[in-house]
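> need the 3D shape of this:
(one chain, ligands or ions: 1)
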Amino acid sequence: MEELVMINGAISKPSEAKISVFDRGFLYGDATYEVVRSYSGKLFAVEPHIDRLFLSAERISMKLPYTKKQYLDRMQEFYQKAPFDDAYLRIQISRGEGPITLDPYAPTTVNEVMYLRPLKPHPREYFERGVPVVIAGVLRNSKKAMDPDIKSGNYLNNVLAYKFAAEKKAHEAIMENSEGFITEATTSNVFCVVNGELWTSPDDSDILRGITRNIVITLAQGLDIPLKKKNFTRQDLKNADEAFLTSSTREVMPIASVNGDVLKSSPGPVTRRLQQAYYDYVKNA
Ligand code: PDD
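Reported below is the predicted structural model:
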């Protein structure tokens with residue numbers, strides 16, 4: 001079997017996995033989720049993902065029925081059922097189902113859906129030559145509206161941005177905020193290298209603080225690569241010596257071009273060092 005689904009603890013066949021039309025994840029994107037991958041039979045960085053799940057739930061005032069340890073056990077147990085080593089595991093928890101109303105107190109229990117499939121690796125050339133990205137015409141949500149640091153089920157902003165990438169045959173779409181600063185891409189964070197300095201948007205900017213981003217920041221510090229968390233613009237990105245994306249499934253993925261403008265190097269020396277450091281980190285995790 002290639003895919004597995006578990007709804008509120010019960011395994012179902014993917015084709016038969018159904019959730020109520022009154023589920024608030026379906027109605028309003030009133031849900032939180034995480035994506036974890038595994039390497040060689042072991043879930044990677046699952047604890048920080050669970051920490052973020054709890055942070056997201058807390059920020060949308062959603063009460064989770066289990067402890068962090070219980071979620072860890074549930075995810076590990078589900079993963080053990082996978083007949084493959086390198087897996088993509090998604091957990092989504094919605095506020096549950098009830099009458100159609102925005103009232104967040106209407107539903108009584110959350111709905112939990114876990115989904116597991118073999119991880120489809122990105123083509124090697126993405127890592128060896130980089131990927132084209134575009135700047136989306138749609139802006140990233142403001143922290144003061146739908147905070148991007150909440151990994152909620154409400155991804156319409158990112159879906160609209162992704163449309164730009166799809167239309168331009170680009171790998172990812174990067175979003176600016178209303179001040180004209182680069183925030184993040186639809187499902188990844190953005191770094192660039194300028195005169196040997198590694199730049200990424202500040203922690204309190206309009207981004208999701210990716211788990212991979214955090215690991216890369218720590219690795220850069222260990223390698224004595226000067227790091228600046230600062231706002232930067234699309235022009236900075238286009239003029240950068242190097243740039244790359246990070247996410248659980250993309251790891252450290254070089255950016256080859258921005259809106260068709262080719263970057264100076266892809267992957268450049270700093271990106272290559274961080275790619276290697278990331279692979280070493282994964283091996284020792
Ligand atoms: N996306 N920014 C956004 C908006 C994301 O959705 C993600 C992850 C990231 C990178 O986060 P991390 O390093 O923790 O994977 C940044 C996952 C992979 C997804 O939705 O599939």
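> and the stretch 151-285 of the chain, which residues reach the ligand?
158, 184, 187-189, 208, 210-213, 246-249 (Cβ under 6 Å from any ligand atom). All C-beta spots, glycine's among them, are computed from the backbone N, C-alpha and C.
> could those go into JSON lines alongside secondary structure and neighbour count?
Formatted as JSON lines, those follow (DSSP: H, G, I helix; E, B strand; the rest coil; neighbours: other Cβ atoms under 10 Å):
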{"residue": "158", "secondary structure": "helix", "neighbour count": "21"}
{"residue": "184", "secondary structure": "strand", "neighbour count": "28"}
{"residue": "187", "secondary structure": "coil", "neighbour count": "19"}
{"residue": "188", "secondary structure": "coil", "neighbour count": "22"}
{"residue": "189", "secondary structure": "strand", "neighbour count": "25"}
{"residue": "208", "secondary structure": "coil", "neighbour count": "22"}
{"residue": "210", "secondary structure": "coil", "neighbour count": "24"}
{"residue": "211", "secondary structure": "helix", "neighbour count": "23"}
{"residue": "212", "secondary structure": "helix", "neighbour count": "22"}
{"residue": "213", "secondary structure": "helix", "neighbour count": "22"}
{"residue": "246", "secondary structure": "strand", "neighbour count": "25"}
{"residue": "247", "secondary structure": "strand", "neighbour count": "22"}
{"residue": "248", "secondary structure": "coil", "neighbour count": "21"}
{"residue": "249", "secondary structure": "coil", "neighbour count": "16"}
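> now do the same contact list for whatever residue of the stretch 51-200 of the chain ends up closest to the ligand.
Going by Cβ to the nearest ligand atom, the ligand is nearest to residue 187 of the stretch 51-200 of the chain, at 3.8 Å. Residue 187 makes contacts with 158, 172, 247, as judged by Cβ atoms under 8 Å, 6 or more residues apart in numbering.
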